[in-house]
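Novice: After the sequence you'll find the predicted model.
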Amino acid sequence: MANPKRKLSRASRGHRRAHLALSRTQLVRCTHCGVMIRPHTICKACGYYRGRQVTLAAE
Ligand SMILES: [Zn+2]
């Protein structure tokens, strides 16, 4: 089995992990009620998705 010749230093390990941070979840405005929601999801406030009510929501 191929094996690394020596242990990776803390610096090298850190350099590799510098690109692993998670990005913030993006928010878009609901076209019906204007509340900020995650893209491609039903609006929790009004139950609308793509200009059409798809779930019952407290109004
Ligand atoms: Zn909405």
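Specialist: Okay, I see it.
Novice: Would you mind listing what in the chain touches the ion?
Specialist: 30, 32-33, 43, 45-46 (Cβ under 5 Å from the ion). The C-beta positions use only the backbone N, C-alpha and C, and glycine is treated the same way.
Novice: please redo it, this time with the cut-off set to 8 Å
Specialist: 30-35, 37, 43-48, 57 (Cβ under 8 Å from the ion).
Novice: between these, which has the most around it?
Specialist: residue 43 (22 neighbours; other Cβ atoms under 10 Å).
Novice: How far away from the center of its chain is the lowest-mean-pLDDT helix or strand in the chain?
Specialist: In the chain, no helix or strand scores lower on mean pLDDT, DSSP states H and E than strand 52-53, which sits at a mean of 85. Remark: strand 52-53 is offset 24 Å from the chain centroid, using Cα atoms, centre = their mean, to the nearest Å.
Novice: And the contacts of that strand?
Specialist: Applying Cβ atoms under 8 Å, 6 or more residues apart in numbering, the contact partners of strand 52-53 are 46-47.
Novice: what are the pairing partners of it, and which direction each?
Specialist: Sheet neighbours of strand 52-53, with direction, are listed as strand 48-49 (antiparallel) (DSSP bridges).
Novice: Centre of the chain to the partner strand, how far?
Specialist: With Cα atoms, centre = their mean, you get 19 Å for strand 48-49.
Novice: repeat for stretch 11-27
Specialist: 14 Å.
Novice: re earlier: between the residues of the chain next to the ion, which sits nearest residue 15?
Specialist: residue 37 (36.7 Å; Cβ to Cβ).
Novice: tell me the contacts of that closest one?
Specialist: 27-30, 43-45.
Novice: Kindly give the local confidence score, pLDDT, for the residue nearest the centre of the chain.
Specialist: Computing the C-alpha centroid of the chain and ranking residues by Cα atoms, centre = their mean puts residue 25 first, at 3.7 Å. With respect to pLDDT, residue 25 has a value of 91.
Novice: Nearest residue to it in space, ignoring adjacent ones along the chain?
Specialist: With Cβ to Cβ, 6 or more residues apart in numbering as the criterion, residue 25 has its nearest non-adjacent residue at 6.0 Å, and that residue is residue 38.
Novice: Hmm, the one you found is touching residue 30, no?
Specialist: No: the criterion here is Cβ atoms under 8 Å, and residue 38 misses it with residue 30 at 10.4 Å.
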